[in-house]
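Undergrad: show me the folded form of this:
(one chain, ligands or ions: 1)
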Amino acid sequence: MRATVVLFDIDGTLVSCGGAGRRAMELAFLELFGRDDVFDFPFGGGTDRAIARKALENGGRPTSDVDIDRFLDVYLRHLSPTLATSEKYAVLPGVHELLDALEGHVAIGLGTGNVERGARAKLARGGIDGRFSFGGFGCDHEERARLLEAGAVRGAKKLGVARGECRIVVVGDTPRDVQAAHAIDAECIAVATGAAPIEVLRDTGASIVAGDLLAPAVLAAIV
Ligand SMILES: [Mg+2]
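TA: Next up is the predicted model:
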């Protein structure tokens, strides 16, 4: 088997946070600027820095890197409590089974728009943080394809092979995951446990489209 790096998206793919991420964004904006009505857009497939930028723009605030960093620091402070109290938080179907089956065969990493601290907090609530030793994160880049590439490079290093020698498989739940995967010449498995309906995912050109990660086709496509 060719050296393989698998990069998992988080929200809608590994876990559902039951709105905790969005709530933490709103609380951060409320704390900093006294309003929380700037998030009237879908977060799915976005990156933390892009979401922060759009919210700041909507609120008529400056959007320099420093402004975005400051906003995300406050967001991260709110994220732990919103996660801890989220009643609908869930590790999605098939996640444990797939990770168990992949262990020891591929490099298992993350490819997520979450900044790393937020990513780790979201996974820790479900007890699966320790399954991912590396990744590409929202703090690596605002653009999804660029952060996936960062994860691919780290995964290749983990396997001790050149990035160009590796097969990269992205697992995600939105058309943006598929587009970003294709932009770095990765394969993409799209799973309909997040915001996008399965018919929409079927139109993306993903290698595999599945209802959830329990589908045997998912594991078969990776190993
Ligand atoms: Mg997602």
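
Undergrad: and Met1, what's its pLDDT?
TA: pLDDT recorded at Met1 is 82.

Undergrad: quick check: the gap between the most far-flung residue of the chain relative to its centre and the ion.
TA: Taking C-alpha atoms, centre = their mean as the measure, the residue most remote from the mean C-alpha position of the chain is Gly34, 28.5 Å away. Here Gly34 is placed at a distance of 30 Å from the ion (C-beta to the ion, to the nearest Å). No exception for glycine: its C-beta is placed from N, CA and C like everyone else's.

Undergrad: contacts for stretch 141-161 next, please.
TA: Contact with stretch 141-161 is made by 3, 5-7, 45, 47, 49-50, 53, 107, 109-113, 133-138, 140, 162-163, 165-166, 168, 170, 176-177, 179-181, 183-184, 186, as judged by C-beta atoms under 8 Å, 6 or more residues apart in numbering.

Undergrad: strands - which of those land there?
TA: When these are checked against strands using DSSP state E, the ones located there are 5-7, 107, 109-111, 135-136, 168, 170.

Undergrad: can you add neighbour count and give those back as TSV?
TA: Converted to TSV, these look like this (neighbours: other C-beta atoms under 10 Å):
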residue	neighbour count
Val5	27
Val6	27
Leu7	33
Ala107	25
Gly109	23
Leu110	30
Gly111	33
Gly135	24
Gly136	29
Ile168	26
Val170	29
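
Undergrad: from the residues you listed, which single one is nearest Val15?
TA: When the ones in strands among the contacts of stretch 141-161 are ranked by distance to Val15 (C-beta to C-beta), Leu110 comes first, at 11.6 Å.

Undergrad: which residues touch that closest one?
TA: 7-10, 119, 132, 134-137, 151.

Undergrad: restrict those to those near the ion?
TA: Asp9 (C-beta under 5 Å from the ion).

Undergrad: so which of the contacts of Leu110 is the most crowded?
TA: The most neighbours of any of the contacts of Leu110, using other C-beta atoms under 10 Å, belong to Leu7, which has 33 neighbours.

Undergrad: that residue bridge partners, please.
TA: Beta-bridge pairing for Leu7 (DSSP bridges): Gly109, Val170.
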